[in-house]
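> coordinates for the following, if possible.
(chains A and B)
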Amino acid sequence: MRKYRIVKVLLPLATAIFFLMANRLHAYEYIDINTPHLRKIPLAIPLFVSLGDTEADQEALNKTSEILQQTLDFTGYFDILDRGAFLVDPLKPAITKGDIVFNNWVSVGAELLITAGLSQKGENISMELRLFDTFKSKRLIGKRYKGTLKDRHQMIRRFCSEVIYKLTGNRGIFNSQIAFVSTGTGNKEIYFCDFDGSNPVQFTANKQISLNPAWSSDGKWLAYTSYVNGKSVIYIKNLKENEKTVIDKKRLNLTPAWFPGKFLLAATLSFSGDQEIYLLTGKGKIIKRITYKWGSDFSPTWSPDGKKLAFVSLRAGLPQIYIKDMVSGQVERLTFQGKDNTQPSWSPRGDKIAYTSIGEGHSNIFVIGLNGQGPIQLTKDSGDNEAPSWSPDGSLIAFSSTREGPSRIYVMTAYGTDQRRILTLPGKQTNPKWSSNVIKN
Amino acid sequence: MRKKLWICLALVIVIPGLLFMGACSKGGVTEEEEPEAEVQTTQDTTETQTTTEATSDQPAAEVTEDTSGIMISRDMFLRDYVHFAFDKYNLDEQAQSVLRRKARFLEDQPDIYVTIEGHCDDRGTNEYNLALGDRRAESTRSFLLDMGVEAYRISTVSYGEERGLCDERDEECWSTNRRAAFVIN
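Residues are numbered from 1 along each chain as shown, chains lettered A, B, ... in the order given. As a prediction, the model looks like this:
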């Protein structure tokens, strides 16, 4: 009798556990989104082959291959294999499942394979791209894109978004942009560029000092601080239409931070006496005051669900990072190591906050977990590293670094690996701010 | 009769003779006289330039006297900065005496409105320094209010580390940049 009862309890329990584990195994089959950069997946990308009757010239094939490789390389997820080691016959390219000899790829160490074909007729092009799992001899994605030659980048980014979505469950970063400050014209102006530093564009031309750009979630508005007639204000500008709002309270108008998914923002204002954080509408109307304690409060950053706000406060004397629960109103201190912790940025995954810590005369980027993990130092012995900003999928961090001399914009993985400069402009580049993955197509 | 004639003859000869001599000497050397008028103009231009540089499109220097007899000019009012210790916004003895002089100037010039700019050295992140500059400008303003200057005559702005007067990474430059500066509106 007893035996039966035990089985009755244990069996459903065992089944439940088995299914839970099975699900976990499936989710981590390609890239574990929680520890994505600890192992790079070996990926083979042979050159684009020419399709159809009209021969695409070798230069176009090479260039398109390069764009594809660089776009995927930027994510830091892959170890892209050297084409020189490939076993296939370049004169008999196999791009469809039926023609591919998967063993050839497995034996050079590739776990994933992308084949690509390009046909060109004048300015019109057509692209075929396929992603394969070589171990399973399985096709994971097959896409065809048509357009003109100038749509080439867009087609590749779309395909790469599909690849990243398939492997991680997240759409990635290829449709995002990075705003930043640059002094090339002689004044600090706001610029922005694509996720990989390409196509930089100057956004402001006030010939004043412009600082702290911040993107709204839908990518349609940019808020930033600027000086007008000897006064600091926050501008909220629409990126397409000629719409603009100004927040110009007495004294400081600083550090705008958009509420996720809404036309609301937090900002630092000091008109009431002390530097405090307020919540305002996108039209600049104050909804409520968020911080009250004596001691400067500034640099707000929202959790991805908008339920919490991290910010810098001097309430304990030295600058440290605190978190306010917007529901309960409770404020708790987050950072206890280091004497100067500022510029917090909340990861879009919700689990970590990156920030700048100054010690021994240098600034470095640190990351601390909301569950008490860390802090971990991500930059070291490389000049001053400041102003971290997370990519929209939480896999990369943009920041500024003076390791080469003048301040430049760098990107690294969330674990501090693959640190590289993404663009070089005249003057100094600082204060990067990464948008959501909605800007471009 | 003859005497008169000799005298006339002498005059007729001597005077033109003297004139002739003068003319001769002028003929031998090229002489140019600096017209006084030109010199005057140059001096005036220089003065005007100095005044323009020191103040912004204002009439000649206004001057007022404080209790210790020191002449406080508008130039001095604008030129003298209030300095701060690293990471601090409180006013030390020297800062306070600078501000007492400024308060006296503002008391005697009731039509003047000013903006106080708060500045920092470049240590610390930009946002931190914008907040610190705000506190420096505010503590400076509070002091002047305590000295009796009307609140509506003084506004403040913070430039943080954005408008440094120098960019060397040494204490001399850093202490130069830690300042509150006055601008007449």
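> so what strands line up beside the helix or strand containing A:Ile114?
For A:Ile114, the element it lies in under DSSP states H and E is strand A:112-121. As defined by DSSP bridges, the strand partners of strand A:112-121 come to strand A:41-44 (parallel), strand A:49-50 (parallel), strand A:124-133 (antiparallel).
> kindly export the last one (C-alpha atoms) in CSV.
Read that as strand A:124-133. Presented in CSV, the C-alpha positions along strand A:124-133 are these (Å, rounded to 0.1, in the frame of the first residue of the first chain):
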residue,chain,number,x,y,z
ASN,A,124,18.6,45.2,-59.3
ILE,A,125,19.9,42.4,-57.0
SER,A,126,18.5,39.3,-55.5
MET,A,127,20.0,37.6,-52.5
GLU,A,128,19.6,34.1,-51.1
LEU,A,129,20.8,33.3,-47.6
ARG,A,130,20.6,30.1,-45.7
LEU,A,131,21.7,29.1,-42.1
PHE,A,132,22.6,25.4,-41.4
ASP,A,133,23.3,23.4,-38.4
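> buried residues, that strand. List them.
Within strand A:124-133, the residues that qualify as buried are A:Ile125, A:Ser126, A:Met127, A:Glu128, A:Leu129, A:Arg130, A:Leu131, A:Phe132, A:Asp133, counting by 16 or more other CB atoms under 10 Å in any protein chain shown. All C-beta spots, glycine's among them, are computed from the backbone N, C-alpha and C.
> re earlier: out of the strands paired with strand A:112-121, which gets the lowest mean score?
Note on these: strand A:49-50 shows the lowest mean pLDDT, a mean of 90.
> which residues are in contact with that strand?
Strand A:49-50 has contacts (CB atoms under 8 Å, 6 or more residues apart in numbering or on different chains) with A:Ala56, A:Leu61, A:Pro93, A:Ile95, A:Thr115, A:Ala116, A:Gly117, A:Leu118, A:Ser119.
> if we go to 6 Å?
A:Ala56, A:Pro93, A:Gly117 (CB atoms under 6 Å, 6 or more residues apart in numbering or on different chains).
> give me the neighbour count for the last one.
Okay, so that is A:Gly117. Neighbour count for A:Gly117, taken as other CB atoms under 10 Å in any protein chain shown: 20.
> then the second one?
Other residues within reach of A:Pro93, judged by other CB under 10 Å, total 18.
> please name the nearest non-neighbouring residue to it.
A:Val49 (3.9 Å; CB to CB, 6 or more residues apart in numbering or on different chains).
> the one you found pairs with what?
A:Gly117.
> for the chain, what helix or strand is lowest in average pLDDT?
Answering for chain A, as no chain was given. Lowest on mean pLDDT, DSSP states H and E among the helices and strands of chain A sits helix A:2-27, with a mean of 57.
> wrong one, chain B
helix B:36-54 (a mean of 36).
> the stretch 151-300 of chain A: strands as residue ranges?
A:177-182, A:189-194, A:201-202, A:210-215, A:221-228, A:231-238, A:244-247, A:253-258, A:264-269, A:276-281, A:286-289, A:297-302 (DSSP state E, counting those that start in this stretch).
> what lies in contact with the fourth one?
Think strand A:210-215. A:179, A:188-190, A:204, A:222-226, A:255-258, A:433, A:435.
> how about the shortest one?
Outside of strand A:201-202, the residues within contact range by CB under 6 Å, 6+ apart are A:Tyr191, A:Phe192.
> what's the answer for stretch A:374-381, then?
Contacts of stretch A:374-381 (CB under 6 Å, 6+ apart): A:Gln337, A:Asn364, A:Ile365, A:Phe366, A:Val367, A:Ile368, A:Asn385, A:Gly416.
> buried residues in it, which are they?
Neighbour count says stretch A:374-381 has A:Pro375, A:Gln377, A:Leu378, A:Thr379 buried, by 16+ other CB under 10 Å.
> span of it from start to end?
Start and end residues of stretch A:374-381 are separated by 20 Å (CA to CA, to the nearest Å).
> before we move on, the earlier item: farthest pair within the buried residues of stretch A:374-381?
Greatest spatial distance among those (CB to CB): A:Pro375 and A:Thr379, at 12.5 Å.
> one step back: show the buried residues in the contacts of stretch A:374-381.
A:Asn364, A:Ile365, A:Phe366, A:Val367, A:Ile368, A:Asn385, A:Gly416.
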